[in-house]
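Asker: starting from these lines, generate the structure:
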Amino acid sequence: MSAATRHRGARGREGIVLVMVLFFVLLLTASIATFLRRVAMDAGIASHRDRARQAEAVARGGIRLGEVLLLEDLRNKGAAPGPDSQHDVWALVRGLDLDDDPDVELRLEIEDAAARVNLNGFLKEGAVDENGRLYLEQLFAGVVAIMPGRPEENAYDPAELALRLADWIDADDVGIDGAPEDEPYARREPPSFPQNRPLLSVDELRLVEGFDGRLVEALRPFVGVYPLVGGGGINVNTAPPWVLMQLLRGTDVSGQRPLEEDDVKRIVEAREESLLCAGETQAPGCMPLAELLEGEQLAPTPAERSSVFVVRAIARVVDVERRIEAVVDRSDPAEPKRLSWRVE
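Answerer: Residues are numbered from 1 along each chain as shown. Below you'll find the model as predicted:
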């Protein structure tokens, strides 16, 4: 073998070795990059998990703070409290960041349950009377009228909806129209039946014949279910304008008619300056509601004091957010009760 041939063979072997070295270098580099990515991903997951736990802990603390504010409100009002209003200590924290840590944010929203129409409030002695059904019919008709969508998509029958809801929550198993209440439910797959008890949540409306998801979501800003028993009136000091629009005004002589926008505007402006009273409570500087309505009364009869509140705590730790919603009953200040608890 000549020297030239041996030289070419050596160069060829060196080239193969170089290729193999480059291959293993690239393989090692790719392995290291994959490992680093997995380490970074695992670290990110662990960091997100820790932040989520911290956010939930902060939100739980926010719920407890909300309960303390509700009890402090009772203590401030003393033995002769006035109406619950947007001037109370529990209402003034809305929109404030309650944590001074720059990486942590805590906000509270406390809502008076009487700021919405209580669907269970129409249940009296195990039944919904005709006046209650007529009011529900008007409420449903008003909400359907403002729902987005084509007319054929909103082809709900408000009278039928009121009837079905009354049958769902009343105590008997015979429909108001005389037919068995469970007839439409027995045809479902799987079959179901009316609960014949107060609604436990607004979402339960989805189970009532005639209601669907679109309608329930449209009703949600207007209605609630607390207190489950014994409540009913809307607090004009805390209700938003769109709920106030669902009230009726009038007398036994003039009859009842819906509030107009000007009526609602007067109520909203007046409650910014002072408390509004309908006769249930007395407080210094309280303006009688009848003065704003030319002596007429509201229906359903307004509520002024509430025992049930919805407390929402929104906590954010860096980029992770947790929300907790609790329904709190403060009727017994020595032992407030949580009626529901939901973590989002």
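
Asker: tell me the phi and psi of residue 246?
Answerer: phi -90, psi 0 (degrees, to the nearest 10).

Asker: ranges for the helices of the stretch 201-344 of the chain?
Answerer: Applying DSSP state H, counting those that start in this stretch to the stretch 201-344 of the chain gives helices spanning 213-219, 241-244, 261-273.

Asker: buried stuff in the second one?
Answerer: When burial is assessed from 16 or more other CB atoms under 10 Å, helix 241-244 yields the following buried residues: 243, 244. C-beta: built from backbone N, CA, C; applies to glycine.

Asker: now do it: everything it contacts.
Answerer: 115, 116, 117, 221, 222, 234, 236, 259, 264, 267, 268 (CB atoms under 8 Å, 6 or more residues apart in numbering).

Asker: go ahead and confirm residue 246 touches residue 118.
Answerer: No: using CB atoms under 8 Å, residue 246 is not in contact with residue 118, being 11.7 Å away.

Asker: the two: which is more packed in?
Answerer: Between residue 246 and residue 118, residue 118 has the larger neighbour count (other CB atoms under 10 Å), namely 25 against 20.

Asker: quick check: residue 97 touching residue 108?
Answerer: No: counting by CB under 8 Å, residue 97 stays clear of residue 108, with 10.0 Å between them.

Asker: which of these two has more neighbours?
Answerer: residue 108 (21 against 11).

Asker: so the more buried one, which of the three states?
Answerer: Classification of residue 108 using DSSP: H, G, I helix; E, B strand; the rest coil returns strand.

Asker: based on its surroundings, how many neighbours for the spatially closest residue to residue 343 that is not a sequence neighbour?
Answerer: Leaving aside its sequence neighbours, residue 343 sits nearest to residue 324 (CB to CB, 6 or more residues apart in numbering; 5.3 Å). By the criterion of other CB under 10 Å, residue 324 has 22 neighbours.

Asker: and residue 324, how far is that from residue 59?
Answerer: Here residue 324 is placed at a distance of 4 Å from residue 59 (CB to CB, to the nearest Å).

Asker: intersection of neighbour lists for those two?
Answerer: Contact criterion CB under 8 Å, 6+ apart; residues shared by residue 324 and residue 59: 313, 315, 343.
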